[in-house]
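Undergrad: here's my sequence, what's the structure:
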Amino acid sequence: MKIEFSEKTFVRVRYSETDKMGYCYYGNYAQYFEVGRVEALRNLGLSYKVMEDNGIMLPVYEFQVKYHAPAFYDDLLCIETKITELRGPRLYFEYQISNEKRVLIAKATTLLVFVSSENMKPITPPDYFINLIQSYEQL
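TA: Just a heads-up that it's a prediction; the model follows:
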């Protein structure tokens, strides 16, 4: 099912996340995308903790990123996270990070897979997730 759900989250680049030149280290972006994803799911009504307590994990299967411009120490970054598709156990996300001047910093995609914590095998998403996401289905 194609989905149209979008959420914005903000993070500030901390000094410890920069290199000697004041540039945000590229490896931090995966964490920023995770913050966006976790907060988007939380605002949708889904908690990673609750899922894990119920035996469901949602590991990242694929991650792709393209950097467009650097972020610097103390920049306030807007992480726009979109849930774009649910196909069987696969959940697709798109991200865009921009700074306060609305300069595009990075774009990324991730593919996560619903799996059982018992055997780490793919499973059908739980009914409560499908019920939450169906109202955002594209027709």
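Undergrad: residue ranges in this structure under the pLDDT threshold?
TA: 139 (pLDDT under 70).
Undergrad: all helices of it, in order?
TA: For the chain, the helices defined by DSSP state H cover 29-44, 48-53, 127-134.
Undergrad: phi first, then psi, for Gly22.
TA: Gly22 adopts backbone torsions of phi 90, psi 0, taken as degrees, to the nearest 10.
Undergrad: for it, what are its contacts?
TA: Phe72, Tyr73 (C-beta atoms under 8 Å, 6 or more residues apart in numbering). C-beta here means a position set from N, CA and C on the backbone, and glycine is covered the same way.
Undergrad: quick check: Ser6 touching Ile79?
TA: No: counting by C-beta atoms under 8 Å, Ser6 does not reach Ile79; the two are 11.0 Å apart.
Undergrad: of the two, which one has the most company?
TA: Using other C-beta atoms under 10 Å as the criterion, Ser6 and Ile79 rank with Ile79 on top: 25 against 14.
Undergrad: show me what contacts the more buried one?
TA: Lys8, Thr9, Phe10, Val11, Tyr32, Phe33, Val35, Gly36, Tyr95, Gln96, Ile97.
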